[in-house]
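A.B. asks: Next input, structure requested:
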Amino acid sequence: MAELVRVTDGDAAVAVLRDHGCVIVEDVLGPEEIGALSDAVTELERGHPFGRNVFEGERSHRLYSLIVQGRPFEELAQHPVALAILDGTLQPNWLLSNCQSIRLYPGETRQPWHSDDGFYDVPRPHSTPLGVSSIWAIDAFIGANGATELLPGSHRWGDDSPADHEPLDVATAEMKPGSVLWFDAALWHRGGANQTGGTRLAMTIQYCQPWLRPQESQLLIAPPDVARQMPPRVQAMLGYSIHPPFIGQVEGKHPLRLVDEEAYRASRTPDSEIAERILTRPDAITG
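C.D. replies: Below you'll find the predicted structure:
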């Protein structure tokens, strides 16, 4: 059975993530943060149906689009450990792809093997990651309650699948509450089976390169009047940002201007100035 590398900070995780495709950062969240997330998810789950298929989990609660459901989710998405890993792995102006919770109930079965970037029609292996995924342990992760199973190094595979590599060297992401698993979105993995009498709660947040379309339509989930109340870094990862020269523009302007013109002017960067110059004067690309 493969073993996962464990580190204690985001900077140390970057090199491990590049080489192995996955890494656990231990003891990131404290009891108050864990409690706030657990309480927020529990309230939102009331009356929510189980998943619609074996992928979502027919014995699982899976909540989507949580970035607009309160400050605990905003803070998790922009946690310093997350920013260190994402800034060290993806291109500047990376985006939030999805923000979900997953609670496995007794009797939940294993997911099929999959990669989180499989819906992007880009030949494998990728020269640079298309995205990065995180799974935060709100409850303890053990093999018996459905801890995520991974195939370290599989982010470097081509078009082959786990069936082409049997017998598989599987790593199980056993973690204490407050620890977090990070992996290249190209890595093959699956949710485990819950064979215990209790539930297992996780937060999963995925991010993508700034030139890719996120899984969730973040600008519909958080339109300008909602995004106006959010921290600047969260606004940027939602798409109220420009990836040079002008990916993300609205009517030739920086999208942050729809949220807060004053904040936009205070945060103008060389990139945003170049983008708007190109948009208003196309000859500036060469001039």
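A.B. asks: all contacts plus neighbour counts: C-alpha atoms, from now on.
C.D. replies: Noted.
A.B. asks: So what does the closest residue to residue 242 other than its chain neighbours look like in phi/psi?
C.D. replies: Once flanking residues are discounted, residue 242 sits nearest to residue 248: 5.2 Å by CA to CA, 6 or more residues apart in numbering. Residue 248 adopts backbone torsions of phi 110, psi 0, taken as degrees, to the nearest 10.
A.B. asks: What ranges does the stretch 151-287 of the chain have for its strands?
C.D. replies: Ranges of strands in the stretch 151-287 of the chain, per DSSP state E, counting those that start in this stretch, are 171-172, 180-184, 189-190, 200-208.
A.B. asks: Could you measure from the most centrally placed residue in the chain over to residue 136?
C.D. replies: Centroid-nearest residue in the chain: residue 206, 1.4 Å away (criterion: CA atoms, centre = their mean). Distance check for residue 206 against residue 136: by CA to CA, to the nearest Å, it reads 11 Å.
A.B. asks: same thing with residue 120?
C.D. replies: Residue 120 is 24 Å from residue 136, by CA to CA.
A.B. asks: Residue 185 and residue 110, how far apart?
C.D. replies: 19 Å.
A.B. asks: These two: who's more crowded?
C.D. replies: Taking neighbours as other CA atoms under 10 Å, residue 185 and residue 110 compare with residue 185 leading, 24 against 18.
A.B. asks: The more buried one touches residue 115, doesn't it?
C.D. replies: Yes: counting by CA atoms under 8 Å, residue 185 touches residue 115, with 6.0 Å between them.
A.B. asks: for stretch 26-35, which positions count as buried?
C.D. replies: 26, 27, 28, 29, 33, 34 (16 or more other CA atoms under 10 Å).
A.B. asks: what do you get for stretch 163-171?
C.D. replies: Buried, per 16+ other CA under 10 Å, within stretch 163-171: residue 171.
A.B. asks: I would like the residues contacting it, please.
C.D. replies: 1, 2, 3, 4, 149, 150, 151, 152, 162 (CA atoms under 8 Å, 6 or more residues apart in numbering).
A.B. asks: which of the residues you listed tops the neighbour count?
C.D. replies: Highest count within the contacts of stretch 163-171 by other CA under 10 Å belongs to residue 150, 28 neighbours.
A.B. asks: May I ask you to confirm that that residue is in contact with residue 187?
C.D. replies: Yes: the criterion here is CA under 8 Å, and residue 150 meets it with residue 187 at 7.5 Å.
A.B. asks: Just the angle for the top helix by length along the chain relative to strand 200-208, thanks.
C.D. replies: What stands out as the longest helix in the chain, according to DSSP state H, is helix 31-45. Per axes from the mean of the first three to the mean of the last three CA atoms, to 10 degrees, the angle that helix 31-45 makes with strand 200-208 is 90 degrees.
A.B. asks: distance of residue 261 from residue 229?
C.D. replies: 14 Å.
A.B. asks: Equivalent analysis for residue 63, please.
C.D. replies: For residue 63, the distance to residue 229 - CA to CA - is 22 Å.
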